[in-house]
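Colleague: missing the sequence, but the structure's below:
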Ligand SMILES: Nc1nc2c(c(=O)[nH]1)N(C=O)[C@@H](CNc1ccc(C(=O)N[C@@H](CCC(=O)O)C(=O)O)cc1)CN2
Ligand SMILES: Nc1ncnc2c1ncn2[C@@H]1O[C@H](COP(=O)(O)OP(=O)(O)OP(=O)(O)O)[C@@H](O)[C@H]1O
């Protein structure tokens, strides 16, 4: 039997995977022990950044319990007339899909403790990217599922805005073959541009 033609799968070299794991532990600790009063400052800065984009469909984020509470941002974008999408997490190895969120709609449980709206599927025109960690050159770190890496690879032409608190910054993040720097990262203190 002839093997089906699949693109070559290249995982991170072991030293890179190990270094990412170590950075992830430190950044997650910083996220979980943050001053929660900073969440609203970050939301305000993100609203300003995203509303400046000419995008109707904005893929936002619904927070996990330990993450920055960006739910006020979802409400602010909706109030401003934008269509808010939220990610649905497929099995590992696939990119995220996005569904329309409405403040009065229902959320259903998704993978890894996420909550997903029951609205229709839609394509984003701008993408908000939650960060576990980041560095000053635009490199990002997630939970290690490769979900946003794959999603960004499939949507190369739309603006992607990463966000984190400034305590989640590290000096230098290791990168693997699929890691691409973001063009913009927003924290409660600043907006970093990398193009
Ligand atoms: N709010 C939110 N939604 C999101 C993401 C995210 O980072 N944040 N995702 C980003 O890809 C996708 C979900 N992917 C995820 C993949 C893995 C884990 C995960 O491994 N979580 C650890 C908890 C880590 C910890 O608390 O120490 C776990 O379940 O053990 C979480 C989300 C889509 N939705
Ligand atoms: N476009 C892709 N195609 C195939 N494999 C990929 C792709 N993007 C990432 N990967 C692989 O997925 C694995 C996890 O990647 P990584 O540790 O960078 O995830 P992450 O950026 O922390 O998580 P996420 O993207 O979910 O926020 C790595 O082995 C990586 O090589």
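Modeller: Ah, there it is. Predicted model, so just to flag it, every value in this text is computed and none were measured. Numbering: from 1, shown residues only. Ligands and ions are numbered 1, 2, ... in the order given.

Colleague: Low-confidence stretches in the chain?
Modeller: Per-residue confidence for the chain (pLDDT under 70) gives these ranges: 1-9.

Colleague: Could you check how far the closest residue to ligand 2 within the chain is from ligand 1?
Modeller: Minimum separation of the chain from ligand 2 (Cβ to the nearest ligand atom) falls at residue 142, amounting to 1.7 Å. The C-beta positions use only the backbone N, C-alpha and C, and glycine is treated the same way. Residue 142 sits 5 Å away from ligand 1, going by Cβ to the nearest ligand atom, to the nearest Å.

Colleague: what's near enough to touch residue 153?
Modeller: 95, 178, 180 (Cβ atoms under 8 Å, 6 or more residues apart in numbering).

Colleague: Look up how far residue 56 lies from it.
Modeller: From residue 153 across to residue 56, the span is 23 Å (Cβ to Cβ, to the nearest Å).

Colleague: Which among the contacts of residue 153 count as buried?
Modeller: Neighbour counting by 16 or more other Cβ atoms under 10 Å classes residue 95 among these as buried.

Colleague: near ligand 2, from the contacts of residue 153?
Modeller: Residues of these in contact with ligand 2 (Cβ under 6 Å from any ligand atom): residue 178.

Colleague: Tell me the one of the contacts of residue 153 nearest ligand 1?
Modeller: Among the contacts of residue 153, and counting by Cβ to the nearest ligand atom, the member closest to ligand 1 is residue 95, at 10.2 Å.
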